[in-house]
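Asks: Would you be able to build a 3D model of this:
(chains A and B, ligands or ions: 2)
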Amino acid sequence: MIEAGNVSKSFGDHLVLDGISVKFETGKCNLIIGQSGSGKTVLMKCMVGLYEIDSGKVMYDDRVFSRMSFDEMKVIRQELGMLFQGGALFDSMTVEENIIFPLSMFTDQSPEQKRDRANFCLSRVKLENVNKLYPSELSGGMKKRVAIARAIGMNPKYLFCDEPNSGLDPHTANVIDNLISELTQEYNMTTVINTHDMNSVIEIGDKIAFIHKGKLWWEGDKDTILKSDNEVLNEFVFATELTRKLKQK
Amino acid sequence: MIRGFLFQLGRYILLIRQVFKRPEKQSIYIRQIIIEMENLGLDSLGIVAFISVFMGAVLCIQMAFNVDTPLIPLYTIGFATRQSVVLEFSPTIISLILAGKVGSRISSEIGTMRVTEQIDALEIIGINPATYLIFPKIVASMFINPILIMMSMILAVFGGWLAGSLTGLVPSSEYIYGIKAFFEVYDIYYALIKAVVFAFLIVSISGYHGFYTKGGALEVGAASTKGVVHSSMAIIVFNLILTKILLA
Ligand SMILES: Nc1ncnc2c1ncn2[C@@H]1O[C@H](COP(=O)(O)OP(=O)(O)OP(=O)(O)O)[C@@H](O)[C@H]1O
Ligand SMILES: [Mg+2]
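Replies: Ligands and ions are numbered 1, 2, ... in the order given. Next up, the predicted model:
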(Lines give C-alpha, C1' and ligand atoms only; values in the text may rest on other atoms or scores of the structure.)
(Ligands and ions follow the chains in the order given, each with its own letter.)
Protein backbone atom coordinates (compact mmCIF):
# COMPACT_ATOMS: atom_id res chain seq x y z
CA MET A 1 0.00 0.00 0.00
CA ILE A 2 1.12 3.52 -0.74
CA GLU A 3 -0.33 6.40 1.17
CA ALA A 4 -0.22 10.14 0.59
CA GLY A 5 -1.07 11.97 3.81
CA ASN A 6 -2.12 15.60 3.48
CA VAL A 7 0.39 16.27 0.71
CA SER A 8 0.79 19.87 -0.44
CA LYS A 9 3.04 21.18 -3.14
CA SER A 10 3.38 24.58 -4.75
CA PHE A 11 5.68 26.07 -7.37
CA GLY A 12 6.40 29.64 -6.37
CA ASP A 13 2.99 30.95 -5.33
CA HIS A 14 1.12 28.52 -7.55
CA LEU A 15 -0.45 25.94 -5.22
CA VAL A 16 -0.74 22.75 -7.27
CA LEU A 17 -1.55 20.16 -4.59
CA ASP A 18 -3.59 21.32 -1.62
CA GLY A 19 -3.54 18.76 1.18
CA ILE A 20 -4.21 15.53 -0.70
CA SER A 21 -4.77 12.37 1.33
CA VAL A 22 -5.27 9.14 -0.56
CA LYS A 23 -4.44 5.44 -0.20
CA PHE A 24 -3.39 3.20 -3.09
CA GLU A 25 -4.02 -0.47 -2.52
CA THR A 26 -1.87 -3.50 -3.18
CA GLY A 27 -2.79 -5.79 -6.07
CA LYS A 28 -5.03 -3.16 -7.60
CA CYS A 29 -4.90 -0.62 -10.40
CA ASN A 30 -5.26 2.69 -8.59
CA LEU A 31 -6.19 5.48 -10.98
CA ILE A 32 -5.58 9.18 -10.55
CA ILE A 33 -7.84 11.10 -12.90
CA GLY A 34 -8.36 14.78 -13.53
CA GLN A 35 -8.23 17.40 -16.22
CA SER A 36 -5.05 18.28 -17.99
CA GLY A 37 -3.03 20.51 -15.66
CA SER A 38 -4.85 19.37 -12.53
CA GLY A 39 -1.65 18.09 -10.95
CA LYS A 40 -1.63 14.36 -11.65
CA THR A 41 1.98 14.28 -12.78
CA VAL A 42 3.03 16.52 -9.91
CA LEU A 43 1.30 14.22 -7.40
CA MET A 44 2.98 11.17 -8.88
CA LYS A 45 6.39 12.83 -8.90
CA CYS A 46 5.88 13.85 -5.27
CA MET A 47 5.10 10.27 -4.35
CA VAL A 48 8.28 8.91 -5.94
CA GLY A 49 10.39 11.74 -4.54
CA LEU A 50 11.23 13.55 -7.78
CA TYR A 51 9.61 16.65 -6.28
CA GLU A 52 10.05 17.50 -2.63
CA ILE A 53 6.70 17.99 -0.93
CA ASP A 54 6.03 21.17 1.05
CA SER A 55 4.08 19.42 3.78
CA GLY A 56 2.42 16.09 4.54
CA LYS A 57 3.94 12.65 4.16
CA VAL A 58 4.27 9.74 1.75
CA MET A 59 4.27 6.17 3.09
CA TYR A 60 5.30 2.94 1.37
CA ASP A 61 3.63 0.25 3.42
CA ASP A 62 4.91 1.21 6.87
CA ARG A 63 7.95 3.18 5.72
CA VAL A 64 7.90 6.98 5.78
CA PHE A 65 9.32 7.79 2.36
CA SER A 66 9.02 11.55 2.44
CA ARG A 67 11.58 11.96 5.22
CA MET A 68 14.24 9.74 3.71
CA SER A 69 17.64 10.82 2.44
CA PHE A 70 18.63 10.08 -1.14
CA ASP A 71 20.50 6.95 -0.04
CA GLU A 72 17.56 5.64 1.99
CA MET A 73 15.23 6.32 -0.92
CA LYS A 74 17.43 4.16 -3.11
CA VAL A 75 16.28 1.07 -1.26
CA ILE A 76 12.65 1.78 -2.04
CA ARG A 77 13.44 2.85 -5.56
CA GLN A 78 14.79 -0.59 -6.32
CA GLU A 79 11.34 -1.91 -5.47
CA LEU A 80 9.70 0.67 -7.67
CA GLY A 81 9.14 0.95 -11.41
CA MET A 82 7.91 4.00 -13.24
CA LEU A 83 6.58 4.63 -16.69
CA PHE A 84 6.99 8.28 -17.65
CA GLN A 85 4.54 10.29 -19.70
CA GLY A 86 7.02 10.46 -22.60
CA GLY A 87 8.57 7.02 -22.11
CA ALA A 88 11.96 8.44 -21.05
CA LEU A 89 13.94 5.61 -22.59
CA PHE A 90 17.69 6.25 -22.61
CA ASP A 91 18.30 7.10 -26.22
CA SER A 92 21.98 6.28 -26.16
CA MET A 93 21.11 2.66 -25.37
CA THR A 94 19.38 -0.08 -27.32
CA VAL A 95 16.08 -1.52 -26.17
CA GLU A 96 17.84 -4.44 -24.53
CA GLU A 97 20.41 -2.21 -22.81
CA ASN A 98 17.60 -0.02 -21.50
CA ILE A 99 16.04 -2.99 -19.74
CA ILE A 100 19.32 -4.48 -18.57
CA PHE A 101 20.69 -1.21 -17.21
CA PRO A 102 19.02 -1.29 -13.76
CA LEU A 103 19.97 -4.96 -13.43
CA SER A 104 23.62 -4.18 -14.16
CA MET A 105 23.59 -1.39 -11.62
CA PHE A 106 22.00 -3.24 -8.74
CA THR A 107 22.38 -6.98 -9.25
CA ASP A 108 25.27 -9.32 -9.87
CA GLN A 109 23.53 -11.33 -12.57
CA SER A 110 25.56 -12.80 -15.39
CA PRO A 111 25.14 -11.35 -18.90
CA GLU A 112 23.06 -14.39 -19.90
CA GLN A 113 20.74 -14.03 -16.92
CA LYS A 114 20.25 -10.37 -17.71
CA ARG A 115 19.57 -11.05 -21.37
CA ASP A 116 17.05 -13.73 -20.45
CA ARG A 117 15.33 -11.35 -18.10
CA ALA A 118 15.21 -8.67 -20.82
CA ASN A 119 13.72 -11.13 -23.30
CA PHE A 120 11.19 -12.25 -20.74
CA CYS A 121 10.09 -8.68 -19.99
CA LEU A 122 9.87 -7.91 -23.70
CA SER A 123 7.74 -10.98 -24.28
CA ARG A 124 5.43 -9.82 -21.47
CA VAL A 125 4.78 -6.60 -23.40
CA LYS A 126 4.46 -8.63 -26.61
CA LEU A 127 7.53 -7.30 -28.35
CA GLU A 128 9.94 -9.46 -30.31
CA ASN A 129 13.07 -8.83 -32.34
CA VAL A 130 13.50 -5.28 -31.14
CA ASN A 131 16.42 -5.96 -28.76
CA LYS A 132 19.04 -4.25 -30.89
CA LEU A 133 16.94 -1.25 -31.97
CA TYR A 134 17.41 2.23 -30.55
CA PRO A 135 14.44 4.14 -29.09
CA SER A 136 14.47 6.52 -32.06
CA GLU A 137 13.66 3.54 -34.28
CA LEU A 138 10.49 2.62 -32.39
CA SER A 139 6.91 3.81 -32.77
CA GLY A 140 5.17 5.63 -29.91
CA GLY A 141 3.32 2.54 -28.73
CA MET A 142 6.43 0.39 -28.90
CA LYS A 143 8.33 2.95 -26.82
CA LYS A 144 5.60 2.82 -24.18
CA ARG A 145 5.80 -0.95 -24.13
CA VAL A 146 9.59 -0.98 -23.84
CA ALA A 147 9.26 1.53 -21.03
CA ILE A 148 6.87 -0.85 -19.28
CA ALA A 149 9.32 -3.69 -19.83
CA ARG A 150 12.06 -1.60 -18.25
CA ALA A 151 9.80 -0.66 -15.35
CA ILE A 152 9.03 -4.30 -14.51
CA GLY A 153 12.61 -5.48 -15.08
CA MET A 154 13.52 -5.43 -11.40
CA ASN A 155 10.26 -7.10 -10.30
CA PRO A 156 8.92 -4.00 -8.62
CA LYS A 157 6.46 -4.04 -5.75
CA TYR A 158 5.21 -0.61 -6.74
CA LEU A 159 4.46 0.47 -10.29
CA PHE A 160 3.76 4.05 -11.35
CA CYS A 161 2.43 4.85 -14.82
CA ASP A 162 2.00 8.42 -16.02
CA GLU A 163 -0.54 8.35 -18.85
CA PRO A 164 0.45 4.94 -20.18
CA ASN A 165 -1.86 5.20 -23.17
CA SER A 166 -1.95 8.85 -24.14
CA GLY A 167 -1.29 9.38 -27.83
CA LEU A 168 -2.05 5.77 -28.76
CA ASP A 169 -4.81 4.37 -30.93
CA PRO A 170 -7.77 2.92 -28.99
CA HIS A 171 -6.76 -0.67 -29.63
CA THR A 172 -3.12 -0.29 -28.56
CA ALA A 173 -4.27 1.82 -25.61
CA ASN A 174 -6.52 -1.02 -24.56
CA VAL A 175 -3.77 -3.59 -24.95
CA ILE A 176 -1.50 -1.56 -22.69
CA ASP A 177 -4.23 -1.02 -20.09
CA ASN A 178 -4.94 -4.72 -19.91
CA LEU A 179 -1.26 -5.53 -19.80
CA ILE A 180 -0.72 -3.27 -16.78
CA SER A 181 -3.79 -4.70 -15.09
CA GLU A 182 -2.63 -8.25 -15.74
CA LEU A 183 0.87 -7.59 -14.41
CA THR A 184 -0.58 -5.91 -11.35
CA GLN A 185 -2.63 -8.94 -10.42
CA GLU A 186 0.02 -11.45 -11.35
CA TYR A 187 2.80 -9.89 -9.29
CA ASN A 188 0.49 -8.38 -6.66
CA MET A 189 1.94 -4.93 -7.27
CA THR A 190 0.64 -1.63 -5.98
CA THR A 191 -0.01 0.14 -9.25
CA VAL A 192 -0.76 3.84 -9.59
CA ILE A 193 -1.87 5.15 -12.97
CA ASN A 194 -2.42 8.73 -14.13
CA THR A 195 -4.96 9.03 -16.89
CA HIS A 196 -7.68 11.16 -18.37
CA ASP A 197 -8.89 8.40 -20.64
CA MET A 198 -12.41 7.28 -19.73
CA ASN A 199 -11.89 3.95 -21.46
CA SER A 200 -9.10 3.07 -19.02
CA VAL A 201 -11.23 4.27 -16.14
CA ILE A 202 -14.05 1.91 -17.00
CA GLU A 203 -11.76 -0.92 -18.03
CA ILE A 204 -9.26 -1.14 -15.16
CA GLY A 205 -10.28 1.34 -12.45
CA ASP A 206 -10.17 -0.83 -9.32
CA LYS A 207 -9.82 2.35 -7.32
CA ILE A 208 -10.18 5.88 -8.63
CA ALA A 209 -9.10 9.21 -7.18
CA PHE A 210 -10.37 12.35 -8.92
CA ILE A 211 -8.19 15.43 -8.52
CA HIS A 212 -9.64 18.87 -9.07
CA LYS A 213 -8.25 22.29 -8.16
CA GLY A 214 -5.43 20.69 -6.22
CA LYS A 215 -7.80 18.74 -3.98
CA LEU A 216 -8.96 15.16 -3.82
CA TRP A 217 -12.47 15.82 -5.08
CA TRP A 218 -13.92 12.33 -5.23
CA GLU A 219 -12.91 8.73 -4.55
CA GLY A 220 -14.46 5.49 -5.75
CA ASP A 221 -14.14 2.76 -8.38
CA LYS A 222 -15.25 1.97 -11.92
CA ASP A 223 -18.74 0.98 -10.80
CA THR A 224 -19.51 3.93 -8.58
CA ILE A 225 -18.03 6.54 -10.91
CA LEU A 226 -20.92 6.30 -13.36
CA LYS A 227 -23.49 6.68 -10.60
CA SER A 228 -21.97 9.55 -8.67
CA ASP A 229 -23.89 12.79 -8.26
CA ASN A 230 -20.73 14.85 -7.82
CA GLU A 231 -21.20 17.66 -10.33
CA VAL A 232 -17.58 18.42 -11.18
CA LEU A 233 -16.83 14.74 -11.53
CA ASN A 234 -19.79 14.25 -13.82
CA GLU A 235 -18.63 17.12 -16.00
CA PHE A 236 -15.33 15.30 -16.36
CA VAL A 237 -16.75 11.83 -16.82
CA PHE A 238 -19.59 12.69 -19.16
CA ALA A 239 -17.68 15.09 -21.32
CA THR A 240 -18.25 13.10 -24.50
CA GLU A 241 -21.27 11.79 -26.34
CA LEU A 242 -20.01 8.25 -25.85
CA THR A 243 -19.91 8.39 -22.07
CA ARG A 244 -23.26 10.20 -21.96
CA LYS A 245 -24.79 7.28 -23.85
CA LEU A 246 -23.25 4.97 -21.29
CA LYS A 247 -25.09 6.83 -18.52
CA GLN A 248 -28.47 6.55 -20.22
CA LYS A 249 -28.23 2.79 -20.39
CA MET B 1 21.98 40.27 -11.30
CA ILE B 2 24.44 39.65 -8.48
CA ARG B 3 21.80 37.60 -6.70
CA GLY B 4 21.29 35.61 -9.88
CA PHE B 5 25.01 34.95 -10.11
CA LEU B 6 25.27 33.89 -6.48
CA PHE B 7 22.27 31.59 -6.89
CA GLN B 8 23.85 29.94 -9.92
CA LEU B 9 27.23 29.66 -8.21
CA GLY B 10 25.69 28.09 -5.13
CA ARG B 11 23.70 25.60 -7.17
CA TYR B 12 26.81 24.83 -9.25
CA ILE B 13 28.85 24.05 -6.13
CA LEU B 14 26.08 21.82 -4.74
CA LEU B 15 25.92 19.97 -8.04
CA ILE B 16 29.68 19.42 -8.09
CA ARG B 17 29.44 17.96 -4.60
CA GLN B 18 26.77 15.56 -5.88
CA VAL B 19 28.96 14.63 -8.82
CA PHE B 20 31.77 13.45 -6.58
CA LYS B 21 29.57 11.20 -4.46
CA ARG B 22 30.54 7.54 -4.36
CA PRO B 23 29.51 5.85 -7.62
CA GLU B 24 27.02 2.98 -7.44
CA LYS B 25 28.99 0.39 -9.34
CA GLN B 26 32.60 0.91 -10.34
CA SER B 27 32.73 -1.39 -13.34
CA ILE B 28 29.96 0.58 -15.05
CA TYR B 29 31.69 3.86 -14.36
CA ILE B 30 34.95 2.64 -15.81
CA ARG B 31 33.11 1.65 -18.97
CA GLN B 32 31.44 5.08 -19.08
CA ILE B 33 34.78 6.84 -18.68
CA ILE B 34 36.21 4.94 -21.63
CA ILE B 35 33.17 5.75 -23.77
CA GLU B 36 33.45 9.42 -22.86
CA MET B 37 37.16 9.49 -23.68
CA GLU B 38 36.20 8.40 -27.14
CA ASN B 39 33.31 10.88 -27.41
CA LEU B 40 35.12 13.86 -25.98
CA GLY B 41 38.70 13.13 -27.01
CA LEU B 42 39.03 11.14 -30.19
CA ASP B 43 36.25 13.12 -31.83
CA SER B 44 38.17 16.34 -31.26
CA LEU B 45 41.49 15.12 -32.66
CA GLY B 46 40.79 16.35 -36.18
CA ILE B 47 39.80 19.89 -35.35
CA VAL B 48 42.59 20.31 -32.81
CA ALA B 49 45.19 19.10 -35.33
CA PHE B 50 43.81 21.31 -38.09
CA ILE B 51 43.74 24.50 -36.01
CA SER B 52 47.11 23.85 -34.40
CA VAL B 53 49.04 23.43 -37.66
CA PHE B 54 47.55 26.60 -39.14
CA MET B 55 47.98 28.70 -36.01
CA GLY B 56 51.59 27.56 -35.70
CA ALA B 57 52.19 28.58 -39.30
CA VAL B 58 50.63 32.01 -38.78
CA LEU B 59 52.59 32.57 -35.55
CA CYS B 60 55.86 31.75 -37.26
CA ILE B 61 55.23 34.06 -40.21
CA GLN B 62 54.21 36.92 -37.91
CA MET B 63 57.33 36.43 -35.79
CA ALA B 64 59.44 36.46 -38.92
CA PHE B 65 58.01 39.79 -40.00
CA ASN B 66 58.64 41.29 -36.59
CA VAL B 67 62.22 40.03 -36.44
CA ASP B 68 63.16 41.92 -39.55
CA THR B 69 66.58 43.05 -38.40
CA PRO B 70 69.98 41.40 -38.64
CA LEU B 71 70.59 42.25 -34.96
CA ILE B 72 68.26 39.46 -33.84
CA PRO B 73 69.29 35.93 -34.81
CA LEU B 74 66.80 34.01 -36.96
CA TYR B 75 66.51 31.16 -34.47
CA THR B 76 64.62 33.61 -32.25
CA ILE B 77 61.63 32.99 -34.51
CA GLY B 78 61.60 29.31 -33.64
CA PHE B 79 62.07 30.12 -29.99
CA ALA B 80 59.29 32.73 -29.91
CA THR B 81 56.89 30.51 -31.81
CA ARG B 82 57.48 27.68 -29.37
CA GLN B 83 57.03 29.92 -26.36
CA SER B 84 53.73 31.36 -27.60
CA VAL B 85 52.46 27.93 -28.50
CA VAL B 86 53.40 26.27 -25.22
CA LEU B 87 52.53 29.08 -22.85
CA GLU B 88 49.36 30.45 -24.30
CA PHE B 89 48.16 29.24 -27.62
CA SER B 90 47.81 25.52 -27.04
CA PRO B 91 46.49 25.47 -23.48
CA THR B 92 44.16 28.46 -23.74
CA ILE B 93 43.05 28.80 -27.34
CA ILE B 94 42.59 25.08 -27.85
CA SER B 95 40.69 24.87 -24.56
CA LEU B 96 38.40 27.64 -25.82
CA ILE B 97 37.84 25.68 -29.02
CA LEU B 98 37.07 22.59 -26.95
CA ALA B 99 34.69 24.63 -24.80
CA GLY B 100 32.75 25.30 -27.97
CA LYS B 101 32.84 21.80 -29.30
CA VAL B 102 32.70 19.64 -26.19
CA GLY B 103 30.77 22.12 -24.04
CA SER B 104 27.83 22.45 -26.42
CA ARG B 105 27.73 18.72 -26.87
CA ILE B 106 27.61 18.07 -23.13
CA SER B 107 24.98 20.73 -22.35
CA SER B 108 22.68 19.63 -25.13
CA GLU B 109 23.10 15.93 -24.38
CA ILE B 110 22.35 16.33 -20.68
CA GLY B 111 19.72 19.02 -21.34
CA THR B 112 17.85 16.73 -23.71
CA MET B 113 17.95 13.99 -21.11
CA ARG B 114 16.48 16.43 -18.61
CA VAL B 115 13.56 17.60 -20.74
CA THR B 116 12.71 14.09 -21.92
CA GLU B 117 12.62 12.91 -18.27
CA GLN B 118 15.57 10.56 -18.77
CA ILE B 119 17.27 12.14 -15.75
CA ASP B 120 14.14 11.51 -13.68
CA ALA B 121 14.19 7.94 -14.96
CA LEU B 122 17.79 7.52 -13.72
CA GLU B 123 16.79 8.85 -10.34
CA ILE B 124 13.82 6.47 -10.14
CA ILE B 125 16.08 3.55 -10.91
CA GLY B 126 18.02 4.60 -7.83
CA ILE B 127 21.03 6.11 -9.55
CA ASN B 128 22.48 9.47 -8.64
CA PRO B 129 22.08 11.20 -12.02
CA ALA B 130 24.65 13.93 -11.38
CA THR B 131 27.34 11.36 -10.64
CA TYR B 132 26.34 9.05 -13.44
CA LEU B 133 26.17 11.71 -16.13
CA ILE B 134 28.88 14.18 -15.22
CA PHE B 135 31.58 12.32 -13.29
CA PRO B 136 32.77 10.10 -16.18
CA LYS B 137 32.88 13.11 -18.49
CA ILE B 138 34.99 15.10 -16.04
CA VAL B 139 37.45 12.28 -15.51
CA ALA B 140 37.67 11.55 -19.23
CA SER B 141 38.26 15.19 -20.13
CA MET B 142 40.80 15.86 -17.41
CA PHE B 143 42.72 12.90 -18.74
CA ILE B 144 42.28 13.41 -22.46
CA ASN B 145 42.49 17.22 -22.79
CA PRO B 146 46.15 17.42 -21.65
CA ILE B 147 46.95 14.82 -24.30
CA LEU B 148 45.16 16.88 -26.92
CA ILE B 149 47.02 19.98 -25.75
CA MET B 150 50.39 18.19 -25.96
CA MET B 151 49.53 17.06 -29.43
CA SER B 152 48.50 20.58 -30.32
CA MET B 153 51.88 21.92 -29.14
CA ILE B 154 53.78 19.50 -31.30
CA LEU B 155 51.64 20.15 -34.35
CA ALA B 156 51.72 23.92 -33.96
CA VAL B 157 55.49 23.95 -33.70
CA PHE B 158 55.54 21.70 -36.74
CA GLY B 159 53.16 24.07 -38.58
CA GLY B 160 55.57 26.91 -37.84
CA TRP B 161 58.48 24.93 -39.21
CA LEU B 162 56.49 24.08 -42.33
CA ALA B 163 55.56 27.71 -42.95
CA GLY B 164 59.06 28.98 -42.19
CA SER B 165 60.74 26.51 -44.52
CA LEU B 166 58.23 26.69 -47.35
CA THR B 167 58.23 30.50 -47.47
CA GLY B 168 61.99 30.62 -46.96
CA LEU B 169 61.55 33.06 -44.06
CA VAL B 170 63.38 30.85 -41.57
CA PRO B 171 65.87 28.17 -42.56
CA SER B 172 64.98 24.79 -41.14
CA SER B 173 68.16 24.47 -39.08
CA GLU B 174 67.67 27.88 -37.43
CA TYR B 175 64.07 27.10 -36.57
CA ILE B 176 64.94 23.75 -35.09
CA TYR B 177 67.77 25.28 -33.10
CA GLY B 178 65.29 27.92 -31.89
CA ILE B 179 62.64 25.51 -30.72
CA LYS B 180 65.22 23.67 -28.63
CA ALA B 181 66.79 26.79 -27.15
CA PHE B 182 66.27 27.81 -23.48
CA PHE B 183 63.84 24.96 -22.99
CA GLU B 184 62.22 24.76 -19.56
CA VAL B 185 60.24 21.64 -18.64
CA TYR B 186 58.29 23.76 -16.18
CA ASP B 187 56.60 25.51 -19.10
CA ILE B 188 55.08 22.21 -20.16
CA TYR B 189 53.83 21.50 -16.64
CA TYR B 190 52.41 24.99 -16.56
CA ALA B 191 50.49 24.35 -19.77
CA LEU B 192 49.26 20.96 -18.66
CA ILE B 193 48.03 22.25 -15.31
CA LYS B 194 46.03 24.82 -17.24
CA ALA B 195 44.71 22.14 -19.57
CA VAL B 196 43.49 20.03 -16.65
CA VAL B 197 41.81 22.95 -14.87
CA PHE B 198 40.16 24.14 -18.09
CA ALA B 199 38.92 20.62 -18.82
CA PHE B 200 37.25 20.55 -15.43
CA LEU B 201 35.66 23.96 -16.02
CA ILE B 202 34.35 23.06 -19.48
CA VAL B 203 32.69 19.82 -18.41
CA SER B 204 31.38 20.94 -15.05
CA ILE B 205 29.94 24.24 -16.28
CA SER B 206 28.35 22.91 -19.45
CA GLY B 207 27.15 19.86 -17.52
CA TYR B 208 25.61 22.18 -14.95
CA HIS B 209 23.68 24.11 -17.59
CA GLY B 210 22.45 20.91 -19.17
CA PHE B 211 21.47 19.42 -15.84
CA TYR B 212 19.25 22.35 -14.86
CA THR B 213 17.57 22.80 -18.24
CA LYS B 214 13.84 23.44 -17.92
CA GLY B 215 11.24 23.22 -20.63
CA GLY B 216 11.79 21.85 -24.11
CA ALA B 217 13.89 21.90 -27.25
CA LEU B 218 14.22 25.68 -27.23
CA GLU B 219 15.64 25.68 -23.73
CA VAL B 220 18.08 22.91 -24.64
CA GLY B 221 19.47 25.24 -27.30
CA ALA B 222 19.70 28.06 -24.79
CA ALA B 223 21.41 25.81 -22.25
CA SER B 224 23.94 24.76 -24.83
CA THR B 225 24.77 28.38 -25.64
CA LYS B 226 25.07 29.24 -21.94
CA GLY B 227 27.31 26.24 -21.42
CA VAL B 228 29.73 27.44 -24.09
CA VAL B 229 29.66 31.12 -23.10
CA HIS B 230 30.06 30.54 -19.38
CA SER B 231 32.77 27.94 -19.70
CA SER B 232 34.70 30.19 -22.10
CA MET B 233 34.42 33.07 -19.65
CA ALA B 234 35.57 30.84 -16.81
CA ILE B 235 38.57 29.75 -18.89
CA ILE B 236 39.56 33.35 -19.55
CA VAL B 237 39.28 34.30 -15.88
CA PHE B 238 41.08 31.23 -14.61
CA ASN B 239 43.75 31.73 -17.25
CA LEU B 240 44.60 35.02 -15.63
CA ILE B 241 44.50 33.57 -12.12
CA LEU B 242 46.62 30.55 -13.02
CA THR B 243 49.13 32.63 -14.95
CA LYS B 244 49.53 34.85 -11.92
CA ILE B 245 49.93 31.91 -9.55
CA LEU B 246 52.13 29.68 -11.70
CA LEU B 247 54.46 32.31 -13.13
CA ALA B 248 54.78 34.33 -9.95
N1 LIG C 1 8.29 21.96 -12.59
C2 LIG C 1 7.22 22.78 -12.52
N3 LIG C 1 7.40 24.07 -12.23
C4 LIG C 1 6.33 24.92 -12.14
N5 LIG C 1 5.06 24.56 -12.33
C6 LIG C 1 4.82 23.27 -12.62
C7 LIG C 1 5.88 22.31 -12.74
N8 LIG C 1 5.35 21.11 -13.04
C9 LIG C 1 4.02 21.31 -13.11
N10 LIG C 1 3.69 22.60 -12.86
C11 LIG C 1 2.33 23.15 -12.83
O12 LIG C 1 1.52 22.28 -12.07
C13 LIG C 1 0.24 22.14 -12.64
C14 LIG C 1 -0.09 20.66 -12.79
O15 LIG C 1 0.76 20.07 -13.77
P16 LIG C 1 0.78 18.51 -14.06
O17 LIG C 1 1.88 18.28 -15.01
O18 LIG C 1 0.79 17.77 -12.80
O19 LIG C 1 -0.62 18.31 -14.79
P20 LIG C 1 -1.27 16.95 -15.26
O21 LIG C 1 -2.48 16.76 -14.43
O22 LIG C 1 -0.26 15.86 -15.24
O23 LIG C 1 -1.70 17.31 -16.73
P24 LIG C 1 -1.63 16.40 -18.07
O25 LIG C 1 -2.83 15.55 -18.03
O26 LIG C 1 -1.73 17.41 -19.15
O27 LIG C 1 -0.35 15.65 -18.05
C28 LIG C 1 0.27 22.88 -13.96
O29 LIG C 1 -0.46 24.07 -13.79
C30 LIG C 1 1.71 23.19 -14.20
O31 LIG C 1 1.83 24.45 -14.79
MG1 LIG D 1 0.78 14.78 -16.68
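Asks: Residue 221: what's it in contact with?
Replies: With no chain named, the answer covers chain A. A:205-208 (Cβ atoms under 8 Å, 6 or more residues apart in numbering or on different chains). (Glycine included, C-beta is placed from N, CA and C.)
Asks: Switch to chain B, please.
Replies: The contact partners of B:G221, by Cβ under 8 Å, 6+ apart, come to B:S108.
Asks: Helix, strand, or coil at it?
Replies: Secondary structure for B:G221, judged by DSSP: H, G, I helix; E, B strand; the rest coil, is helix.
Asks: Kindly report the residues of chain A close to chain B.
Replies: Neighbours of chain B within chain A, by Cβ under 8 Å from any Cβ of the partner chain: A:45, A:48-50, A:70, A:73-74, A:77-78, A:80-82, A:84-86, A:88-91, A:101-102, A:104-106.
Asks: Any chance you could list what contacts the longest helix belonging to chain A?
Replies: The residue-count maximum for a helix in chain A (DSSP state H) belongs to helix A:170-187. For helix A:170-187, contacts defined as Cβ under 8 Å, 6+ apart pick out A:27-29, A:124-126, A:141, A:144-145, A:148, A:152, A:155, A:159, A:161, A:164-165, A:168, A:189, A:191, A:193, A:197, A:199-200, A:203-204.
Asks: Selection in PyMOL covering whichever of these are buried, please.
Replies: Entered in PyMOL, the line below selects the buried ones among these, by 16 or more other Cβ atoms under 10 Å in any protein chain shown:
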select buried, chain A and resi 28+29+124+125+141+144+145+148+152+159+161+164+165+168+189+191+193+197+200+204
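Asks: tell me which element B:S206 falls in.
Replies: helix B:185-211 (DSSP states H and E).
Asks: Would you mind listing the buried residues in that helix?
Replies: Going by neighbour count (16+ other Cβ under 10 Å), the buried part of helix B:185-211 is B:187-188, B:190-192, B:194-211.
Asks: That one vs chain A: in contact?
Replies: No: Helix B:185-211 stays clear of chain A (Cβ under 8 Å from any Cβ), getting no nearer than 14.0 Å.
Asks: what does the average pLDDT come to for that helix?
Replies: Mean pLDDT, computed over helix B:185-211, is 95.
Asks: Which elements pack onto that helix?
Replies: Judged by 3 or more Cβ pairs under 8 Å, 6 or more residues apart in numbering or on different chains; DSSP states H and E, helix B:185-211 is in contact with helix B:2-19, helix B:94-98, helix B:104-115, helix B:129-167, helix B:217-246.
Asks: Count residues in the vicinity of the residue nearest to A:I2 when sequence neighbours are not counted, would you?
Replies: Leaving out its chain neighbours, the residue that sits closest to A:I2 by Cβ to Cβ, 6 or more residues apart in numbering or on different chains is A:F24, at 4.4 Å. Residues near A:F24, counting by other Cβ atoms under 10 Å in any protein chain shown, number 23.
Asks: just A:T224 next, same as before
Replies: Per other Cβ under 10 Å, the neighbour tally for A:T224 reads 12.
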